[in-house]
Every structure is written in C-alpha cells, then in structure tokens.
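Engineer: mind folding the following:
(one chain, ligands or ions: 1)
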Amino acid sequence: MTETANSAAGGAASGAVETALAPNEGLLSLPAHELAAKIQAGEVTSREVTQAFLDRIAESDDAVGAFLHVGAEEALAAADAVDAQVAAGEEPVSPLAGVPLALKDLFVTTDAPTTAASKILEGYMSPYDATIVTKIRAAGIPILGKTNLDEFAMGSSNENSAYKVTHNPHDLSRTPGGSGGGTAAALASGQAPLGIGTDTGGSIRQPASLTGTVGAKPTYGAVSRYGMIANASSLDQCGPCANNVLDTALLHEVIAGHDPFDATSVDRPVSSVVEAAREGASGDLSGVRIGRVKQFGGEGTQAGVSDVIEASFAQLESQGAEIVEVDCPNFAHVMGAYYIIQTSEVSSNLARFDGMRYGQRRGDDGSHSAEEVMAITRGEGFGDEVKRRVILGTYALSVGYYDAYYLQAQRIRTLVAQDFAKAFEQVDVIAGPATPTTAFKLGDKVDDPLAMYNFDLFTLPLNLAGLPGLSVPAGTASDTGLPVGLQVIAPAFADERMYKVAAAFEAGRK
Ligand code: GLN
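Structural biologist: Modelled structure (predicted):
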C-alpha cells in the first residue's frame with residue numbers, strides 16, 4: 001500500500017507494466033460519500049483523511065506527476081474547520097464535508113499559485129477565488145492542490161504542459177489523457193477521492209475514460225466559469241470528477257448553480273443529479289430509450305474499445321433499456337468546425353496575456369518598446385500548441401477569411417445541434433465510446449497535431465451543442481488491458497438522465 005509504483009502483469013507485449021494505482025484497502029480506497037459519512041459519525045477525522053491523501057501524493061507523485069502545487073497546510077486547516085464543526089455537533093455544511101479534492105490548475109485561487117500550466121503565468125497569485133472554489137470551500141472540502149493540464153487546457157495528453165508530464169496510473173509509460181490528465185491521474189492513483197476538471201472539447205470525459213474514472217461535463221451554463229481561465233468561452237465548461245457516479249453527482253451539486261459574475265451562467269434550479277444517481281443505483285433501466293449514434297465507432301476505433309462498447313450496450317439492454325440507432329450525419333464535420341471556433345475564441349481570449357496585466361513580463365530592460373515587450377513575453381511565455389492555435393484563430397477571423405471559415409463553422413455548429421435535437425426526439429439519452437482508442441504511449445502523438453485532434457472525435461460534438469456528457473468506466477480492452485469509458489449524453493438541462501443511466505450501468509457491472 002505504501003509503494004510508489006507497483007508492477008502489474010499484462011498489457012504490453014514487452015512484459016511488466018509499471019503502474020501506480022489506488023490502494024484497494026484502507027481510507028484511500030473508500031468512495032467520497034463513505035468517507036464523508038465516517039467523518040460525520042466521528043469514526044475518523046477530516047484531518048486524518050486529508051493527511052492520508054497528502055501522504056499518498058508524497059509517496060506516489062514522483063511517478064505519477066499529477067500535481068503542479070500541493071497545499072498541505074491550507075488543506076489541513078480546512079479539514080480542522082470541519083472537524084471542529086463535527087466536534088461541536090453542528091450540521092454538516094455539505095454531504096461531502098471533510099473529503100479533500102484535487103483542483104485543475106485552471107481555476108484562480110488566493111492561497112496557491114495559478115499557472116494554467118503555462119510559463120506565462122509562472123508564479124501568478126490571484127487576488128480572488130473562482131466561484132467554484134468559493135463553493136468548494138463553503139462545502140467544507142479541503143483542496144489538496146492544483147493539478148497538471150495541457151497549457152491553457154489545449155491538448156489531449158497533458159504533454160503540452162510547460163512544467164511536467166503526467167503519467168497514467170494504469171501504465172506509467174502512457175498518457176492519462178488531456179487536458180485534465182492531472183485530475184484524472186490523481187483519482188486513479190488514490191491521491192484524491194474528488195476532482196475538478198474543465199471540458200472544452202472532451203478534457204473531462206477523455207481523461208476519465210483513459211484512467212478508468214468518472215468525469216462529467218454538465219450542460220453549458222450550469223456551472224460558473226467565473227475565475228476559470230478561458231480557453232474557448234462558448235465551449236468551456238467546468239465539471240466534477242470522482243471514482244464513482246454518486247460521488248461525481250454529489251460534487252456536481254456543490255459546484256452548480258447560477259452566478260451573476262458569469263454572464264453565460266444560466267438562472268435555473270440545479271438538476272437533481274444526486275437523486276438521479278441514487279435512483280439509477282437500483283440498476284433498473286426499463287422504459288429508458290438509449291440512442292446509439294450510427295456515426296460513432298467503426299473505422300479508426302480500436303477493436304478492444306469496440307468490443308467493450310458492444311458489451312456495454314448488451315448490458316444496458318439486459319437491464320431493461322431499449323437501444324435505438326440514431327443518425328447524426330453532420331458529426332462528420334465536427335472536427336473542422338471545432339478547430340475553427342476553438343482557435344478563433346482562443347486568439348481573442350489569450351490576447352490578455354501580454355505581460356502588462358498578469359504573470360510574467362520579459363524583455364522589459366528599457367531597450368524595448370511596449371509592443372516589443374508584449375511580443376517577447378508572448379514569444380517566450382506561450383508553448384508551441386498555444387501559438388499554433390492563436391495563429392490559426394487569428395487567420396480564421398481575419399477579413400476575407402471570416403465568411404469562409406468562422407461563419408461556415410458556426411453553421412456546422414447549428415447542424416450538429418439539430419442532429420442531437422432530432423435524436424432526442426427518439427431517445428432519452430445517447431451512449432457510445434468516449435475515445436476511439438485506449439491510452440496511447442507518451443510521445444506517440446506529440447509531433448502529430450492532427451492525430452492528437454482526432455482523438456477527441458466522440459467528445460467534441462457535445463461541446464458544440466452545449467450538451468451534458470459523462471464518461472463512466474465500462475471495462476478493459478482485451479487488446480491493450482487498459483480502461484475504456486462509456487460516454488452517456490443527455491439533452492441540455494437534463495443532466496440527471498445521464499447520471500441515472502451511468503449509475504445504473506455502474507451497478508449492473510458489479
Ligand atoms: N483536446 C481538445 C483540445 O485540445 C479539448 C481540450 C479541452 O477540452 N480543454 O482543444
């Protein structure tokens with residue numbers, strides 16, 4: 001249990017695979033809701049629980065590389081506050097009070113540096129907390145630290161981080177996915193029982209799938225983006241991650257809700273996702289119609305992934321669901337549309353990082369003009385992928401190209417939303433693969449941006465349409481021995497449906 005990394009047989013042809021999976025006994029193996037119950041019952045303190053996760057980080061993070069910053073002191077102080085409330089016999093401030101969490105380093109925090117995994121923000125301290133951070137603190141959830149990501153959440157493997165590489169706990173030579181690979185790896189290695197991710201094109205669901213954890217992207221606008229560093233504002237969504245569906249739902253209800261500080265935050269009641277997850281735990285799916293997208297899978301999908309998805313549909317059917325094929329012809333154009341819209345918004349959003357307002361300033365030695373200082377700062381501060389996207393987006397938005405690229409992409413976006421709308425006339429949710437393959441080797445796609453982009457084929461359509469989606473572990477691919485996630489997609493503001501189906505599916509696997 002105290003080993004940094006352990007070996008597991010199987011998987012690679014070359015023999016032993018180095019792993020760093022969560023211990024399967026003791027505090028670190030318990031679901032967050034059980035830890036919370038033990039804390040409230042006085043069986044264990046939040047300090048003991050939080051310290052156990054901090055110890056696990058200390059012993060395993062050299063091998064995993066999930067954290068950019070660990071805030072032990074601050075986490076323990078938050079834990080002590082919960083323990084004092086329990087000792088005083090006060091009502092718990094939330095159902096997760098006292099259970100610690102790993103926060104993607106894309107959210108600003110007053111008590112820890114925020115970098116977005118970029119050199120340009122090295123050492124940056126925010127004067128305020130992101131709204132979700134305020135909510136997490138108010139819920140009595142200690143924050144263990146800030147997790148690694150692809151720079152400004154652009155990437156699919158965490159290899160675009162300016163600071164370090166994160167490894168997949170199931171096989172340390174492989175990627176945990178991206179951009180939320182740090183949070184997902186922390187969950188899979190038992191470093192944290194709860195995590196926060198962000199999803200612009202799949203960055204919550206794809207790492208969840210590759211690490212055998214659960215990750216949910218709520219409906220666009222359901223969770224505040226205030227204090228979440230912008231990637232592409234019309235696509236970005238913050239969401240909860242955990243090792244099981246109920247914990248994910250509990251965290252969802254902590255962070256969701258209207259926020260007047262975020263103009264795109266929607267003013268309507270939070271979906272009852274916890275109730276839905278509890279209902280789903282019965283395993284009964286009778287009367288539920290589940291769509292299977294004709295265009296998902298097939299060529300380019302790893303055989304081992306297809307087999308797991310096939311078995312998943314058979315399981316869902318055996319639990320009473322009706323499986324209906326749905327046709328989404330415009331999904332064929334999703335990749336092109338996403339990379340025009342995403343890069344266009346990036347080119348605008350990242351203009352603020354100019355060395356004048358936030359983080360690093362380079363070249364300010366008296367011999368350069370302000371424009372030159374901005375250019376030097378951005379040249380040195382941004383990594384290659386960020387620069388590639390700023391350049392692409394600037395081009396797509398420029399006079400003469402706007403109609404040909406940006407406008408066309410927006411039209412495709414509408415057609416994709418219409419495909420979903422038609423599908424949801426026939427079904428309650430849609431299910432399918434979250435990723436075309438299991439986790440690839442670190443280094444394998446890093447010089448091939450298009451291959452990296454293609455990896456998100458199944459997750460991107462939802463972001464274009466603003467819909468909620470979740471990845472839940474579905475099994476292990478027989479050809480690689482690595483985890484495969486089942487993606488469950490629901491209509492906008494029907495997040496509870498995906499939780500119910502995912503919880504039922506999870507229960508049905510046991
Ligand atoms: N991999 C996609 C990209 O690079 C999605 C990233 C994300 O969801 N933040 O844009």
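
Engineer: all contacts plus neighbour counts: C-alpha atoms, from now on.
Structural biologist: Will do.

Engineer: near the ligand, anything from stretch 221-231?
Structural biologist: No: shown here: stretch 221-231 not in contact with the ligand (C-alpha under 6 Å from any ligand atom), separated by at least 7.1 Å.

Engineer: ok, and for that stretch, which residues are buried?
Structural biologist: 221-231 (16 or more other C-alpha atoms under 10 Å).

Engineer: could you list every residue that touches the closest residue to the ligand within the stretch 301-450 of the chain?
Structural biologist: For the stretch 301-450 of the chain, the residue closest to the ligand is Gln342, as judged by C-alpha to the nearest ligand atom, at 6.9 Å. Residues in contact with Gln342 (C-alpha atoms under 8 Å, 6 or more residues apart in numbering) are 231-232, 235, 393.

Engineer: JSON lines for those residues, including pLDDT and secondary structure?
Structural biologist: JSON lines is the format used below for these (pLDDT from 0 to 100; DSSP: H, G, I helix; E, B strand; the rest coil):
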{"residue": "Asn231", "pLDDT": "97", "secondary structure": "coil"}
{"residue": "Ala232", "pLDDT": "98", "secondary structure": "coil"}
{"residue": "Leu235", "pLDDT": "98", "secondary structure": "coil"}
{"residue": "Gly393", "pLDDT": "97", "secondary structure": "helix"}
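
Engineer: and which of these is nearest Ala321?
Structural biologist: Leu235 (30.6 Å; C-alpha to C-alpha).

Engineer: what about the closest one, neighbour count?
Structural biologist: Counted with other C-alpha atoms under 10 Å, the neighbours of Leu235 add up to 22.

Engineer: return the distance of it relative to Gly215.
Structural biologist: Taking C-alpha to C-alpha, to the nearest Å as the measure, Leu235 falls 17 Å from Gly215.

Engineer: over to Ser347?
Structural biologist: Applying C-alpha to C-alpha, the value for Ser347 to Gly215 is 28 Å.

Engineer: please give me every residue in contact with the one residue sitting closest to the centre of the chain.
Structural biologist: Ranked by distance to the mean C-alpha position of the chain (C-alpha atoms, centre = their mean), the top residue is Ile204 at 2.0 Å. Contact partners of Ile204, counting by C-alpha under 8 Å, 6+ apart, are 178-180, 197-198, 215-217, 239, 241.

Engineer: what secondary structure does Ala431 sit in?
Structural biologist: strand (DSSP: H, G, I helix; E, B strand; the rest coil).

Engineer: and Asp83, how far from the ligand?
Structural biologist: Separation of Asp83 from the ligand (C-alpha to the nearest ligand atom, to the nearest Å): 36 Å.

Engineer: contact partners for that residue?
Structural biologist: Contacts of Asp83 (C-alpha under 8 Å, 6+ apart): 39, 45-47, 98.

Engineer: what's the pLDDT at it?
Structural biologist: Turning to Asp83, the model gives it a pLDDT of 98.

Engineer: for Val446, same thing?
Structural biologist: pLDDT at Val446 comes out at 89.

Engineer: go ahead and confirm it touches Met452.
Structural biologist: Yes: if you go by C-alpha atoms under 8 Å, Val446 and Met452 touch, sitting 7.3 Å apart.

Engineer: so what sits against both of the two?
Structural biologist: Counting by C-alpha under 8 Å, 6+ apart, nothing touches both Val446 and Met452.

Engineer: which SSE is the nearest residue to Thr394 once chain neighbours are set aside in?
Structural biologist: Of all residues not flanking Thr394 in the chain, Ser347 sits nearest, at 5.7 Å (C-alpha to C-alpha, 6 or more residues apart in numbering). Assigned by DSSP states H and E, Ser347 belongs to helix 334-349.

Engineer: and that helix, average pLDDT?
Structural biologist: Mean predicted confidence for helix 334-349 is 97.

Engineer: tell me the strands beside the strand or helix carrying Ala474, with direction?
Structural biologist: Ala474 belongs to strand 469-476 when elements are defined using DSSP H and E. Strand 469-476 has the following strand partners under DSSP bridges: strand 214-217 (antiparallel), strand 483-489 (antiparallel).

Engineer: now do the helices in the stretch 301-450 of the chain.
Structural biologist: Ranges of helices in the stretch 301-450 of the chain, per DSSP state H, counting those that start in this stretch, are 303-318, 334-349, 370-381, 384-397, 408-426, 449-454.

Engineer: point out the most buried one among the ones you listed.
Structural biologist: Here the criterion is mean neighbour count by mean count of other C-alpha atoms under 10 Å, and of the helices of the stretch 301-450 of the chain the winner is helix 334-349, at a mean of 22.

Engineer: that helix vs helix 408-426, what angle?
Structural biologist: Compare the direction of helix 334-349 with that of helix 408-426 by axes from the mean of the first three to the mean of the last three C-alpha atoms, to 10 degrees and you get 120 degrees.

Engineer: and the angle for helix 334-349 with helix 384-397?
Structural biologist: 90 degrees.

Engineer: for the ligand, what are the nearby residues on this structure?
Structural biologist: 153-156, 179, 199-203, 456.

Engineer: can you redo those residues as JSON lines with secondary structure, neighbour count and pLDDT?
Structural biologist: Listed next are the residues of the chain next to the ligand as JSON lines, based on DSSP: H, G, I helix; E, B strand; the rest coil; neighbours: other C-alpha atoms under 10 Å; pLDDT from 0 to 100:
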{"residue": "Ala153", "secondary structure": "helix", "neighbour count": "32", "pLDDT": "98"}
{"residue": "Met154", "secondary structure": "coil", "neighbour count": "27", "pLDDT": "98"}
{"residue": "Gly155", "secondary structure": "coil", "neighbour count": "28", "pLDDT": "97"}
{"residue": "Ser156", "secondary structure": "coil", "neighbour count": "29", "pLDDT": "97"}
{"residue": "Ser179", "secondary structure": "coil", "neighbour count": "34", "pLDDT": "97"}
{"residue": "Asp199", "secondary structure": "strand", "neighbour count": "29", "pLDDT": "98"}
{"residue": "Thr200", "secondary structure": "coil", "neighbour count": "27", "pLDDT": "98"}
{"residue": "Gly201", "secondary structure": "coil", "neighbour count": "32", "pLDDT": "98"}
{"residue": "Gly202", "secondary structure": "coil", "neighbour count": "35", "pLDDT": "98"}
{"residue": "Ser203", "secondary structure": "coil", "neighbour count": "35", "pLDDT": "98"}
{"residue": "Asp456", "secondary structure": "coil", "neighbour count": "23", "pLDDT": "94"}
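
Engineer: going by distance to Arg357, which of those wins?
Structural biologist: The closest of the residues of the chain next to the ligand to Arg357 turns out to be Ala153 (C-alpha to C-alpha; 20.5 Å).

Engineer: so how far is Phe505 from the nearest residue to the closest one once chain neighbours are set aside?
Structural biologist: Closest residue to Ala153 apart from its sequence neighbours, by C-alpha to C-alpha, 6+ apart: Ser179 at 5.0 Å. Distance, Ser179 to Phe505, by C-alpha to C-alpha: 26 Å.

Engineer: adding distance to Asp129, write the helices of the stretch 301-450 of the chain out as TSV.
Structural biologist: Shown next, in TSV, are those (distance: least, C-alpha to C-alpha, whole Å):
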stretch	distance to Asp129
helix 303-318	40
helix 334-349	19
helix 370-381	24
helix 384-397	25
helix 408-426	33
helix 449-454	32
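
Engineer: return the distance of stretch 30-37 from the chain's centre.
Structural biologist: Relative to its parent chain, stretch 30-37 has a centroid offset of 21 Å by C-alpha atoms, centre = their mean, to the nearest Å.

Engineer: cool, stretch 219-226 as well?
Structural biologist: Relative to the chain's own centre, stretch 219-226 is displaced by 14 Å; criterion: C-alpha atoms, centre = their mean.

Engineer: what does that stretch contact?
Structural biologist: By C-alpha under 8 Å, 6+ apart, the surrounding residues in contact with stretch 219-226 are 130-132, 235-239, 255-259, 261-262, 264-266, 270, 463, 466-469, 492-493, 495.
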